[in-house]
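Engineer: could you work out the structure for the sequence below:
(one chain, ligands or ions: 1)
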Amino acid sequence: MSLKKNKSVLFLAMIFLFLFFGETIAQPLNFPVHVRITNTMASNVTIHCKSKNDDLGIHVIPSGQYYEWGFRVNLWGTTLFFCGFTTKKGGGVYDIFEAKRDVPRCRDHTCYWGVKDDGVHGYNGDATDIWFKWKS
Ligand SMILES: *[C@@H]1O[C@H](CO)[C@@H](O)[C@H](O)[C@H]1NC(C)=O
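Structural biologist: The predicted model follows:
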């Protein structure tokens, strides 16, 4: 009798541990994310973002406005979006969302970027901030 009881307790404990750690391990996977890119320059910014499977098209972000999109990180954690920027001060193509870099970095499932005269900034207000200088 008591052996049977012990086995059920063990079984429940295993289910609990599996749910608990399974959740922790699975959390970065299939994780919903928003990317918001704000134009803090005085003039328009033209942006073109793509992933392997999606082309988000060409958008003009007027001064002071933002462009935003959402998606889910794939199960393999290989989701990558790159964006081309054209501005009066310079331009370039940069990796704007990279799952391994940005799932731990971006807070509240949102990655904030700002386009400035000196390039593109990914900011959290801490040491994980990124600055991509214009390439051209
Ligand atoms: C900025 O973009 C807006 C909207 O696309 C456009 O109407 C405007 O002419 C642009 N301004 C300049 C200076 O290119």
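
Engineer: all contacts plus neighbour counts: C-alpha atoms, from now on.
Structural biologist: Will do.

Engineer: so who does the residue nearest to residue 66 when sequence neighbours are not counted touch?
Structural biologist: In this structure, residue 66 finds its nearest non-sequential neighbour in residue 38, 4.1 Å apart by C-alpha to C-alpha, 6 or more residues apart in numbering. By C-alpha atoms under 8 Å, 6 or more residues apart in numbering, residue 38 lies in contact with 61, 64-67, 112-115.

Engineer: quick check, nearest of these to residue 32?
Structural biologist: Of all the contacts of residue 38, residue 32 sits closest to residue 112, with 14.6 Å by C-alpha to C-alpha.

Engineer: surely that closest one touches residue 129?
Structural biologist: No: with contact defined as C-alpha atoms under 8 Å, residue 112 does not count as touching residue 129 (10.0 Å).

Engineer: just want to know which of those two has more residues nearby.
Structural biologist: Remark: of residue 112 and residue 129, residue 112 carries more neighbours, 20 against 14, as counted by other C-alpha atoms under 10 Å.

Engineer: element containing the more buried one?
Structural biologist: strand 110-116 (DSSP states H and E).

Engineer: gap between that strand and the chain center?
Structural biologist: 11 Å (C-alpha atoms, centre = their mean, to the nearest Å).

Engineer: pull the residues that contact it.
Structural biologist: 33-41, 45, 97, 102, 106, 120-124.

Engineer: picking that back up, now, which of the contacts of residue 38 sits nearest the ligand?
Structural biologist: Comparing the contacts of residue 38 against the ligand with C-alpha to the nearest ligand atom places residue 61 closest, at 6.9 Å.
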